[in-house]
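Chemist: task: produce atomic coordinates for the following.
(2 chains)
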Amino acid sequence: MTPTTVDALAEQIPDGALLALPPAYGYVPTALIHALIRRGARDLRLLCVPIGGIAVDLLIGAGCVAEVEAAAVSLAEAGPAPAFTRAVEQGRVRMRDTTCPAVHSALQATEKGVPFMPLGGVIGSDIERHRDDWRVVDDPMDAGGGRILLVPAIQPDFALIHGVVADRDGNVWIGRRREMVTMAHAAKTTLATVERMQDESLLADEASAAATLPGLYMGGIAEAPRGALPQGLADHYAPDAAAIADYARMAKTEDGFRSYLEAHVLAPAADAAAHVLASAADAAE
Amino acid sequence: MNETPAGDYSPEEFLICTVARLLDDASVRHVAVGAASPIPGSAALLLRAANGDRPRVSLIHGKATNPFTDGAREIFDCAGQGRIDVFFLGGVQIDGEANINLVGTGEYPNVDKRFPGSFGSAFMYFVVPRVILFRPEHSRRVFVPKVDFVSAPGWSPPDVRRPGGPKFLVTELCVMTFDASRRRFRLESVTPGHTLEEVRDNTGFDFDVAENAGETPPPEADRLELLRLRVGSEIADTYPEFARRVFGAAA
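Modeler: All right, here's what the predicted structure looks like:
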């Protein structure tokens, strides 16, 4: 698989697409999210797997999003997600509240090619009452479970992930963050940014193969060094807590949000550097 | 390090030691701690430090303390099978039947004030046998007659499988237990320096009072020392800002 640029990946995503995104503690494809905002994406539907962070907040604040399905959206220790909070309170995005295991179950249904998945708990919550796509049924196996919730399969158009390294066959190493495996199995296709490309196959070694997402799920790969920042990337770099706190403060107002966007997203030196590297990798093919 | 003199303690240290006492039970083998829960996380680590190696503690957003290798779904699969004995939940609002609201206040979906969301509460509240509701702020804003949105119900009818549910409520003012069959909280003890009247004045629902209700004990000296010397740096792996503020600890 020939690596492309981050901006070219963003061009593959049409307006209105349903995107599955990893949580803040996963490998967040921040550089690709920035590129989506630069390309002026509109009416996106986001599926947070299962919760959203700064990347989701940026997309919402930049006006790219029509609908969000999430168990929660927040900036964790940095506090509430300001653009999400504002948009939901003002009714500018449609919020489909869910709970973490319902997101996982809906993706696992698609993984297995079945139309729905049963899930324990949840019955009697207002989440369930407001989800007209969910069903509560009597235990059809009469296995002593009583009533049980069924959640329909969700097939995202794209899973967007960031990985540590990809090889020339499009295999991507994602470590222990295996919600990205479920996302990729369930989505029609997956677009990945990675810290770097390598020539040696990730499947050649048993230890790296066990933590690798196979290239058969990949629709495109681009190199984006430090492409998760300000979120962290496992052993590779810590989250930039100061940058996230800055964002939390600035995004409290529309003007502050625009200033952050202009400084860090619309004309970003770091993202531009990623494009040059990816182009160099292309030229080397 | 912490400059607090011996015999004195911070409100966070008091709450950590109070929660740790509720975990100190032979049936508690595995305590899991979810998002944004530094005090419950510290309490579990404190008990583990005090007992040697029990209970097992899993802080899902940590690294050194996060045992899971199958992605974000593993903790829920684990809990669904009964492998997790204790979990903590909070609430923007909590009512007298232990319904919790993590979504927002006002009429859903056009809420007046939106909060992050329900996280895994709608599942964990049903399957974990000992859920501890932890909400330091004790006010009528939080403890309401009826929540505006039920993220997770405090009890379920008999035709819904529910091995788990709320057992305790810990606030800055008191410790309560919850009886699912009566759908009522019962006050067990009051924080030193506060009164039963104060608890009533700041609670928007009626509750029972245990016959032997007294004061919540202050932190044990040996646990306070363990907390400051050891647990502070352990919790910094997951909650660096909290560890810096409360213990002056760095990761």
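Chemist: how close does the residue nearest in space to the middle of chain B sit to chain A?
Modeler: Residue closest to the average C-alpha location in chain B (CA atoms, centre = their mean): B:Phe134, at 3.2 Å. Distance, B:Phe134 to chain A, by CB to the nearest CB, to the nearest Å: 17 Å. The way it works is simple: take the backbone N, C-alpha and C, and place the C-beta from them, glycine included.
Chemist: mind listing the helices for the stretch 51-200 of chain B?
Modeler: Secondary structure of the stretch 51-200 of chain B, counting by DSSP state H, counting those that start in this stretch: helices at B:74-80, B:121-127, B:196-201.
Chemist: for the stretch 101-250 of chain A, same thing?
Modeler: A:126-129, A:179-186, A:206-209, A:241-250.
Chemist: where's residue 9, which helix or strand?
Modeler: I went with chain A, as the question did not name one. Taking DSSP states H and E as the definition, A:Leu9 sits inside helix A:6-11.
Chemist: the intended chain is chain B.
Modeler: For B:Tyr9, there is no helix or strand it lies in under DSSP H and E.
Chemist: hey, which of the helices of the stretch 101-250 of chain A is tucked in deepest?
Modeler: Highest mean neighbour count among the helices of the stretch 101-250 of chain A (mean count of other CB atoms under 10 Å in any protein chain shown): helix A:179-186, with a mean of 25.
Chemist: low-confidence stretches in chain B?
Modeler: By pLDDT under 70, the low-scoring segments of chain B are B:1-7, B:249-251.
Chemist: what's the burial count for B:Asp179?
Modeler: B:Asp179: 14 surrounding residues under other CB atoms under 10 Å in any protein chain shown.
Chemist: show me where the stretch 51-200 of chain A has strands.
Modeler: Assignment of strands within the stretch 51-200 of chain A using DSSP state E, counting those that start in this stretch yields the ranges A:51-52, A:65-70, A:72-73, A:94-97, A:116-119, A:135-138, A:147-152, A:158-167, A:172-173, A:189-198.
Chemist: circling back: now the helices of the stretch 101-250 of chain A in JSON lines, with distance to A:Pro156?
Modeler: Converted to JSON lines, the helices of the stretch 101-250 of chain A look like this (distance: least, CB to CB, whole Å):
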{"stretch": "helix A:126-129", "distance to A:Pro156": "20"}
{"stretch": "helix A:179-186", "distance to A:Pro156": "6"}
{"stretch": "helix A:206-209", "distance to A:Pro156": "25"}
{"stretch": "helix A:241-250", "distance to A:Pro156": "26"}
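Chemist: residue contacts, residue 55?
Modeler: Going with chain A. The contact partners of A:Ala55, by CB atoms under 8 Å, 6 or more residues apart in numbering or on different chains, come to A:Leu21, A:Ala24, A:Val28, A:Pro29, A:Thr30, A:Ile33, A:Gln231.
Chemist: that's the wrong chain, I meant chain B
Modeler: By CB under 8 Å, 6+ apart, the residues touching B:Pro55 are B:Leu23, B:Val28, B:Arg29, B:His30, B:Val31, B:Ala44, B:Leu47, B:Arg48, B:Asp85, B:Val86.
Chemist: how about B:Thr65: what's its closest non-neighbour residue?
Modeler: Distances taken as CB to CB, 6 or more residues apart in numbering or on different chains place B:Leu59 nearest to B:Thr65, at 4.1 Å, with adjacent residues excluded.
Chemist: next, count neighbours for the closest residue to B:Thr216 other than its chain neighbours.
Modeler: Among residues not flanking B:Thr216 along the chain, B:Ser189 sits closest, at 4.2 Å (CB to CB, 6+ apart). Applying other CB under 10 Å, we find 16 residues neighbouring B:Ser189.
Chemist: from what I can see B:Ser189 touches B:Cys174, true?
Modeler: Yes. In this structure B:Ser189 lies within contact range of B:Cys174 using CB atoms under 8 Å: 6.5 Å.
Chemist: between these two, what contacts are shared?
Modeler: Common neighbours of B:Ser189 and B:Cys174 are listed as B:Thr216 (criterion: CB under 8 Å, 6+ apart).
Chemist: turn the helices of the stretch 101-250 of chain A into JSON lines, including mean pLDDT and distance to B:Ala243.
Modeler: Below are the helices of the stretch 101-250 of chain A laid out as JSON lines (pLDDT from 0 to 100; distance: least, CB to CB, whole Å):
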{"stretch": "helix A:126-129", "mean pLDDT": "98", "distance to B:Ala243": "33"}
{"stretch": "helix A:179-186", "mean pLDDT": "96", "distance to B:Ala243": "27"}
{"stretch": "helix A:206-209", "mean pLDDT": "96", "distance to B:Ala243": "33"}
{"stretch": "helix A:241-250", "mean pLDDT": "96", "distance to B:Ala243": "12"}
